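K.L.:
Structure for this input, please:
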Amino acid sequence: MPKLLLRGPIIGLVVHTMTAHAEPKLATTPTAVLAEHLTLSLAQGMRIEARGHSIMAADASTEHETRGVLDVGKGRFVMMAYELFAAPGADFKASVDANLKAQGVTATLESLAVPAPLVGFGAAMTTTGKDDANLIYMAYIASGDRSVQLIAFYVNPDGFAADAAGFTALAKKMAASIRAGKRALDVKAKDHKFRGAGSDKLVVSAPDGWVSSTQDGPDFSVYHLRKMVDLGASDSPSCGIYIGGHPSFQHTQAGVPDAKVTQVAGKLLGAATSWHEWTNGGRTMTEAIVEHPLQKSLRVHVFCSAHGDLTPLRKIAETLRVEK
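P.N.:
Alright, predicted model coming up:
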């Protein structure tokens with residue numbers, strides 16, 4: 001699951017000149033985030049725009065994150081909504097505490113007055129305000145489908161110096177407006193059908209507890225499968241399925257020597273293949289690349305990772321097939 005971003009290229013470099021700061025009001029119409037999993041009221045003047053990335057990279061999926069940006073003078077205020085693909089656990093507050101502790105984050109959580117079936121906890125953060133992106137407030141939400149979302153609010157140094165308290169108050173108002181959206185995560189055992197370009201006839205089967213999402217690039221798609229473990233759990237098994245013309249093994253990208261890569265005999269799309277297995281940062285990875293069965297110009301790159309035994313993940317990956 002994604003780590004809480006305490007700093008980084010979230011704020012961006014472009015600053016638009018606007019009027020001097022006066023605390024914005026919230027929009028009267030709520031905005032859907034995370035592909036309609038949640039809604040909330042944005043600050044008036046805030047716009048939704050994706051993060052910047054390399055020209056060769058894929059945009060973040062709207063199922064994975066939503067970014068809102070508000071420019072006030074030289075200040076920039078940013079909301080990041082993240083789908084954590086995690087379950088709240090038996091004690092949601094304890095799960096949030098465990099997740100923050102694992103990331104070295106200290107925060108005092110307070111209950112959010114969000115309507116059922118949502119449950120929420122928020123926390124104001126202590127920061128010097130000197131980073132490009134300063135985390136000032138965050139809200140963890142447990143949805144009715146037993147999934148967890150994180151809404152984090154950042155401000156750049158100019159905004160922090162001008163009115164850190166005002167931006168924090170604005171973040172709290174936005175967090176208090178969070179409501180359940182139209183979409184729910186489906187974690188039942190089923191055949192997951194692809195929606196990416198060139199892959200609409202592929203399907204993969206996963207047991208209970210797995211959820212899928214799609215990320216489209218300029219000339220490729222990645223289908224993600226994730227096991228919904230409790231927030232703060234030490235392991236979060238996942239698989240990715242890339243469909244495009246230019247795949248490359250992740251162990252090559254990571255600079256792992258060939259001598260440390262083990263090849264395991266298996267199948268993919270019904271044909272015999274070799275799975276490349278390796279370890280990086282305590283996490284074991286397995287991956288294979290084969291020709292697309294319907295479009296010979298494309299390749300299918302499947303990559304899975306977990307802590308420990310990868311056999312259950314390979315069994316899921318090996319159900320990948322052309323839908324009849």
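
K.L.:
So which elements touch the helix or strand encompassing residue 278?
P.N.:
Residue 278 is part of strand 271-280 when elements are defined by DSSP states H and E. Helices and strands touching strand 271-280, as assessed by 3 or more Cβ pairs under 8 Å, 6 or more residues apart in numbering; DSSP states H and E, comprise helix 250-253, strand 262-268, strand 283-291. The C-beta positions use only the backbone N, C-alpha and C, and glycine is treated the same way.

K.L.:
any idea which helix is longest in this protein?
P.N.:
As assigned by DSSP state H, the longest helix anywhere in the chain is helix 157-176.

K.L.:
same question for the next helix or strand after it, mean pLDDT?
P.N.:
Downstream of helix 157-176, the first helix or strand assigned by DSSP H and E is strand 179-180. Strand 179-180 comes out with an average pLDDT of 98.

K.L.:
Stretch 111-124 now?
P.N.:
Stretch 111-124 comes out at a mean pLDDT of 97.

K.L.:
Okay, buried residues for that stretch please.
P.N.:
112, 114, 118, 119, 120, 121, 122, 123, 124 (16 or more other Cβ atoms under 10 Å).

K.L.:
Among these, name the ones in strands.
P.N.:
Among the buried residues of stretch 111-124, DSSP state E puts 112, 119, 120, 121, 122, 123, 124 in strands.

K.L.:
Next, give me the two most distant ones among these.
P.N.:
Taking Cβ to Cβ as the measure, these span a maximum distance of 19.0 Å, between 119 and 124.

K.L.:
got the buried residues for the strand holding residue 278?
P.N.:
Under 16+ other Cβ under 10 Å, the buried positions of strand 271-280 are 273, 275, 276, 277, 278.

K.L.:
next one: the longest helix of the chain to chain centre, how far?
P.N.:
From the chain centre to the centre of helix 157-176 is a distance of 24 Å (Cα atoms, centre = their mean, to the nearest Å).

K.L.:
tell me the angle it makes with strand 119-124.
P.N.:
160 degrees (axes from the mean of the first three to the mean of the last three Cα atoms, to 10 degrees).
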